[in-house]
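*Asks:* Okay, predicted coordinates and the sequence, questions at the end:
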Amino acid sequence: LKPTRRLERAPPVQSTQPSSGSLATMPRRAQAVLAALAAAVVAGANGASLGSAALAEPRPNRSEWEAGKAEEAEAGSAAAAKQAKMAAVDKAVQLMEKLQTQVLAEGEKEAATYNKF
């Protein structure tokens with residue numbers, strides 16, 4: 001076996017944005033509230049009055065709400081169905097990886113025995 005050359009790792013790059021609470025991980029409703037709040041602050045800075053209408057977000061009617069809930073349930077059931085289909089594939093991949101590590105270990109053991117004699 002040849003000695004391997006060690007590579008030096010560069011220091012990790014730190015993000016300027018916080019990882020938790022970033023806009024990408026926020027729910028849509030929280031993003032909308034945050035945008036409305038920012039608009040209200042800008043309007044207040046420009047001299048406009050801050051009324052309750054500036055922070056109000058239109059509420060969905062019952063049919064829109066039910067449609068949204070149906071979409072959420074559909075997405076959850078679709079993800080569960082996909083996971084159920086992939087379970088067999090995942091198990092086969094796991095078995096192949098286990099077999100690979102086993103064959104590598106046996107090969108190293110056999111090489112050590114060969115080099116000994």
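*Replies:* Here it is on my side, so go on. Keep in mind it's a predicted model, so treat the numbers as computed, not measured.

*Asks:* And for residue 40, the neighbour number?
*Replies:* Neighbourhood size, residue 40 [other Cβ atoms under 10 Å]: 17. All C-beta spots, glycine's among them, are computed from the backbone N, C-alpha and C.

*Asks:* helix or strand for it, which one?
*Replies:* helix 28-45 (DSSP states H and E).

*Asks:* So in this protein, where's the weakest helix or strand by average pLDDT?
*Replies:* Least confident helix or strand of the chain, by mean pLDDT, DSSP states H and E, is helix 52-55 with a mean of 52.

*Asks:* buried residues in stretch 27-45?
*Replies:* With burial defined by 16 or more other Cβ atoms under 10 Å, the residues of stretch 27-45 counted as buried are residue 40.

*Asks:* do stretch 89-105 as well
*Replies:* So, applying 16+ other Cβ under 10 Å, stretch 89-105 has no buried residues.

*Asks:* avg pLDDT for the longest helix that the chain contains?
*Replies:* Longest helix in the chain, counting residues (DSSP state H): helix 62-116. For helix 62-116, mean pLDDT rounds to 89.

*Asks:* what about residue 60, is that helix, strand or coil?
*Replies:* Taken by DSSP: H, G, I helix; E, B strand; the rest coil, the conformation at residue 60 corresponds to coil.

*Asks:* Please report how far residue 39 lies from residue 29.
*Replies:* Distance of residue 39 to residue 29, computed by Cβ to Cβ, to the nearest Å: 16 Å.

*Asks:* same check, this time on residue 36
*Replies:* Distance from residue 36 to residue 29, by Cβ to Cβ: 11 Å.
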